[in-house]
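Novice: structure for this input, please:
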Amino acid sequence: MAKIKSKYTFVCQQCGHEEPKWCGRCPACGDWNSMTEELHTGKSGRESQASESKPVPITEVSDIAELRISTCSGELDRVLGGGIVPGSLVLIGGDPGIGKSTLALQVASAVAGTQGICLYVTGEESAQQTRMRAARLGVMADKLYVVTETSMSRIKNHVSRFIPRLIVIDSIQTVFTEDIPSAPGSVAQVRECTGFLMQLAKSQNIPVLIVGHVTKQGFLAGPRVLEHIVDAVLYFEGERHHAFRILRAVKNRFGSTNEIGVFQMGEQGLKEVTNPSEIFLAERPTGVSGSVVVAGMEGTRPVLVEIQALVSPSSFGNPRRMTSGIDYNRVNLIAAVLEKRVGLHLGNQDIYVNVAGGVKLDEPAIDLGVAVALASSFRDVPVDPTAVVLGEIGLTGEVRGISQAAKRVHEGKKLGFRTFVIPAANLAQGRDVSEVKVIGVGTVSEAFETALGVSD
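Specialist: A predicted model of the protein is given here:
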């Protein structure tokens, strides 16, 4: 007699891996106690309803590059690559309270005021609560329709009735489809509902904006395949007690993933910051040791930020190393180079490095700025407040060249900086900028002598 196959399967709630039997640890992602029992349904409803498409020559496919929908926010349009592409599926993730729903509501209101009807589907708040938030933000629009709904079939009926120019789902963890018997928020429901929304967006050429929760580890809740289904994944960065929010694209099929958008959270919601460098440097102290200005590249835009370092004798056997906004291991590497190649005795010193304003920097062009800040705090010698320090540090103490040096110098000049310490390899590019003093250095020791007026 043939063995009857069970209708139930165990699915990992982190990665979506399926197993016929329960196991304590997921074989795919290694997460413990993440396997839950779900009913196996076989073919999904959206697969059976998908219409067949016909192959056409690529030269005859219509170009939608100029059909982007503006969100009336220059920062968000920059991150998306110029606006929302019709038929695209965009996922916004971030910590609770960071501003995901606020941004989605502001975008829906702006599109409703310029393009037509927008449908805002909320599964976590009532329509009255959404209206109160819209009134507080000042984004009331006649063509912005709000509905409290969690069923995908009824959401589809609303879309067929209104044919909106934009759909917002807040959030994907609250909606469900009747084809899957598991609870809303489970791996099967999140995956199936996202696939359903993708089919809806592509078939009717309606852009869909999805709000997604994140886990304690900072990842989007649900299976990792969710990020592969959507066209763009945007992450909100920043601390809740900071007013600034950074919107970063980690995936974008219609634009660059190197661009960021900077917003400021206030009583009227999120306001775009057109000149983030000026905001980040507004409260910078002068004449204080350990403070250095660097210019980091975020996509095509240079952003000037302040790096603060505090070096003090340690009271314990193992000195402490703490960083905020910069990679911890990178700071340890720079400290080791200063210890070996320059002769700064940091082995018995506590080191604290912070990027002011809640910004996160991850490019090697800020290495020299971190090194100068450490040396400035260690020797208690302030750096010239009108100077910008740029450069990558090698393990032998050399200063390597960086990319787009001229753009960084131009941005610093606009904000009133007049001295630029850059790698010698980029000296020719820096000299193209007039009315500023550009100094090229080849080693870390030369940079210290230039920026701090001391030699080793």
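Novice: any chance you could map the strands in the stretch 301-450 of the chain?
Specialist: Using DSSP state E, counting those that start in this stretch, the strands of the stretch 301-450 of the chain run over 301-313, 321-324, 349-355, 387-389, 392-393, 399-400, 419-423, 437-441.
Novice: what's downstream of the lowest-mean-pLDDT helix or strand in the chain, the next helix or strand?
Specialist: Every helix and strand in the chain was compared by mean pLDDT, DSSP states H and E; the lowest is helix 45-49, with a mean of 46. With elements assigned by DSSP states H and E, the helix or strand that comes after helix 45-49 is helix 74-80.
Novice: who's in contact with the helix or strand just after that next one?
Specialist: Note on helix 74-80: by DSSP H and E, the next helix or strand toward the C-terminus is strand 89-93. The contact list for strand 89-93, computed with Cβ atoms under 8 Å, 6 or more residues apart in numbering, reads 80, 84, 100, 103-104, 172, 194, 197-198, 201, 207-214, 220, 226-227, 229-236. For the C-beta atoms, the positions are set from N, CA and C on the backbone; glycine is no exception.
Novice: strands paired with strand 89-93, and their directions?
Specialist: As defined by DSSP bridges, the strand partners of strand 89-93 come to strand 208-212 (parallel), strand 232-237 (parallel).
Novice: only alpha carbons, please: show the shortest one as CSV.
Specialist: It refers to strand 208-212. Extracted in CSV, the C-alpha atoms of strand 208-212 (Å, rounded to 0.1, in the frame of the first residue of the first chain):
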residue,chain,number,x,y,z
VAL,A,208,2.2,49.1,-4.5
LEU,A,209,4.0,50.4,-1.4
ILE,A,210,4.3,47.9,1.3
VAL,A,211,5.3,48.6,5.0
GLY,A,212,7.1,45.8,6.7
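Novice: contacting residues around Ser101?
Specialist: Contacts of Ser101 by Cβ under 8 Å, 6+ apart are 133, 170, 211.
Novice: from those, which single one is nearest His158?
Specialist: Nearest to His158, judged by Cβ to Cβ, of the contacts of Ser101 is Asp170 at 14.4 Å.
Novice: in space, what's closest to the closest one - neighbours in sequence excluded?
Specialist: In space, and not counting its chain neighbours, Asp170 is closest to Val211: 4.4 Å by Cβ to Cβ, 6 or more residues apart in numbering.
Novice: isn't that neighbour right up against Ile167?
Specialist: No - Val211 lies out of contact with Ile167 (Cβ atoms under 8 Å); the separation is 11.7 Å.
Novice: go through the strands paired with strand 89-93 and name the closest to Gly94.
Specialist: strand 232-237 (3.1 Å).
Novice: other residues contacting the closest one?
Specialist: Outside strand 232-237, the residues within contact range by Cβ under 8 Å, 6+ apart are 79-80, 88-95, 98-100, 103, 220, 227, 245-255, 358, 360.
Novice: again, only using 7 Å
Specialist: With Cβ atoms under 7 Å, 6 or more residues apart in numbering as the test, strand 232-237 has contacts from 79-80, 88, 90-94, 98-100, 227, 245-254, 360.
Novice: what's the offset of that strand from the middle of its chain?
Specialist: For strand 232-237, the separation from the chain centroid amounts to 5 Å (computed by Cα atoms, centre = their mean, to the nearest Å).
Novice: which SSE is immediately downstream of it?
Specialist: Next element after strand 232-237 (DSSP H and E): strand 244-252.
Novice: what residues of that next one count as buried?
Specialist: Buried residues in strand 244-252, counted by 16 or more other Cβ atoms under 10 Å: 244-249, 252.
Novice: ditto for stretch 109-126
Specialist: Going by 16+ other Cβ under 10 Å, stretch 109-126 has these buried residues: 109-113, 117-123, 125.
Novice: now for those residues: which two are most distant?
Specialist: Farthest apart among the buried residues of stretch 109-126 by Cβ to Cβ are Gly113 and Gly123. That separation is 24.4 Å.
Novice: how close does Asn332 get to Arg321?
Specialist: Per Cβ to Cβ, to the nearest Å, Asn332 is found 6 Å from Arg321.
Novice: these two: who's more crowded?
Specialist: When Asn332 and Arg321 are compared for neighbours, Arg321 comes out ahead with 16 against 13, by other Cβ atoms under 10 Å.
Novice: sketch out the helices for the stretch 151-300 of the chain, chain order is fine.
Specialist: Per DSSP state H, counting those that start in this stretch, the stretch 151-300 of the chain carries helices over the ranges 152-162, 187-204, 225-229, 276-280.
Novice: tell me what angle the second one forms with helix 152-162.
Specialist: By that I understand helix 187-204. Relative orientation of helix 187-204 and helix 152-162, computed by axes from the mean of the first three to the mean of the last three Cα atoms, to 10 degrees: 20 degrees.
Novice: which other residues reach helix 187-204?
Specialist: 11-13, 16, 38, 44, 46, 50-51, 87-89, 152, 156, 159, 169, 172-173, 175-177, 179-180, 182-183, 206-208, 210, 222-223, 225-226, 229-230.
Novice: give the PyMOL command for selecting the buried subset of the residues you listed.
Specialist: One line in PyMOL is enough to select the buried ones among the contacts of helix 187-204; burial here means 16+ other Cβ under 10 Å:
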select buried, resi 11+12+13+16+38+44+46+87+88+89+152+159+169+172+173+175+176+177+179+180+182+206+207+208+210+222+223+226+229+230
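Novice: tell me how far Gly369 lies from Leu209.
Specialist: Using Cβ to Cβ, we find Gly369 at a distance of 37 Å from Leu209.
Novice: can you check Gly99 too?
Specialist: 14 Å.
Novice: between those two, which is the more surrounded one?
Specialist: Set side by side, Gly99 and Leu209 show more neighbours around Leu209, with 25 against 20, by other Cβ under 10 Å.
Novice: mind listing what that one touches?
Specialist: Leu209 neighbours (Cβ under 7 Å, 6+ apart): 90, 92, 104, 107, 166, 168.
Novice: I figured the last one hits Ser109, correct?
Specialist: I take that to be Val168. No - judged on Cβ atoms under 7 Å, Val168 makes no contact with Ser109 at a distance of 10.2 Å.
Novice: I appreciate the help and will end here.
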